[in-house]
Each structure stands twice: as structure tokens, then as C-alpha cells.
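> Quick one: sequence plus predicted model below, questions after.
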Amino acid sequence: MGDTLSGTFEITWEGIVHDPVSPNGRHELTRALLRRHLEKVMPDELLAHSGTSDVEDEPEAILRHPDVMVIAWEDLDTEGSIDPRTVLAAIEIVSRSNPDNDWVGKVRDYALMGIPVYAVFDPRTGTGAVFTDIHPTPAGPRYATRKDFVYGENVTIADWTIPTQGLPLYGTTT
């Protein structure tokens, strides 16, 4: 499908998620700022990666593509997709076209994949949340803790605290 349709594709329990809209400048600026803030406070052996790597959990049949992932440099040295058990944190910037993918689907999938920290930044509202503490439930692993934040506050993602002041918001559409 990637050869005939534009946009990004991910695989979830619900099927294929297709986002036909490319990220806009403010989405990309948020990604770059978060990456820069994280790399200032993380040890040198870790990377806030925002490349094209997919994170795939074959037994769960889930393939996701985080906007930013915190991972050790050595864990990028792989032939295929990134093993989710090597990802220390996944970060998403909510898209205008499919916000439920970030706020619902990825909250479920990243916990199922065993990614210990999932942070969501929402430029539509200037808010976000950090999900941690995966625990078993009858419906499968889920995050037990959610810490909400408002842009302008400092936010802690795993072991690193970064500012959110100055992160761009999406403008209004007519």
C-alpha cells in the first residue's frame, strides 16, 4: 500500500492505521524541540531518535512508528524493526487528522509491547500526559499511572525532566 497511497501506516490489533496527512511544520518543530531537550539531559549512550525506524512486536502483531523514541545507540544496530523491549520511552505528538490513534490506540499498544514510558504531547490543546507503570489486567497489560501536564510546565519522561514552555500549538483552521 505504501507504494500507492501517501502517508504513514501502522499495524494494531484493530487493523491498519493509515494517516494520509503528512505531519505539518508545527508537529515537526515539536518533535525536534522534544528531541533536543531530551538529549541535553540524557547520558551519551542514549538517543532521542526520530528517524524512520518502526517498532515491531511480532508476537502481538503490532507495528508502530513513534515520533520520538528513547533508545540506546547499540539497540539501533539491527537489520529489521526495533525490538520494543529496547525502547525506554515512546513519545507522540498528536496529529490533527487522527488524535484517537495517539490518545487511545497507542496507549493500549505501547503497554502491550512493554514500552515502560509513553508520553503524549497535544498541540491542539497545549496539554499532554505521561503513562507509566505497566501492570497486568484481564484485557492485557495497561499503564497504571497517568500524569497530565499543561504546556509551560516541566514534564518528566522516564528519568529526565524537560521544559514544555515554547512548544508550538496548532493554529485554528477555517
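That came in fine, so what should we check first?

> longest helix of the protein?
For the chain, the longest helix by residue count, based on DSSP state H, is helix 25-41.

> who touches it?
The contact list for helix 25-41, computed with Cβ atoms under 8 Å, 6 or more residues apart in numbering, reads 23, 47-48, 50, 67-68, 70, 91, 93, 95, 121, 123, 157, 160-163, 166-171. Backbone N, C-alpha and C define where each C-beta goes, glycine included.

> ChimeraX command to pick out the buried ones of those?
Remark: buried members of those, expressed as a ChimeraX selection using 16 or more other Cβ atoms under 10 Å:
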select :23,47,48,50,67,68,70,91,93,95,121,123,157,160,162,167,168,170
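
> Which of the contacts of helix 25-41 fall in strands?
Residues of these located in strands (DSSP state E): 47, 48, 68, 70, 91, 93, 121, 157, 160, 161, 162, 163.

> Hmm, residue 154 and the last one touching each other?
Yes - contact criterion Cβ atoms under 8 Å: residue 163 and residue 154 qualify, at 5.5 Å.

> Give me the below-cutoff pLDDT ranges for this protein.
Within the chain, the stretches with pLDDT under 70 are 1-24, 172-174.

> which ones are touching residue 53?
Residue 53 is in contact with 65, 69, 76, 81, 82, counting by Cβ under 8 Å, 6+ apart.

> In which helix or strand does it reside?
For residue 53, there is no host helix or strand (DSSP states H and E).
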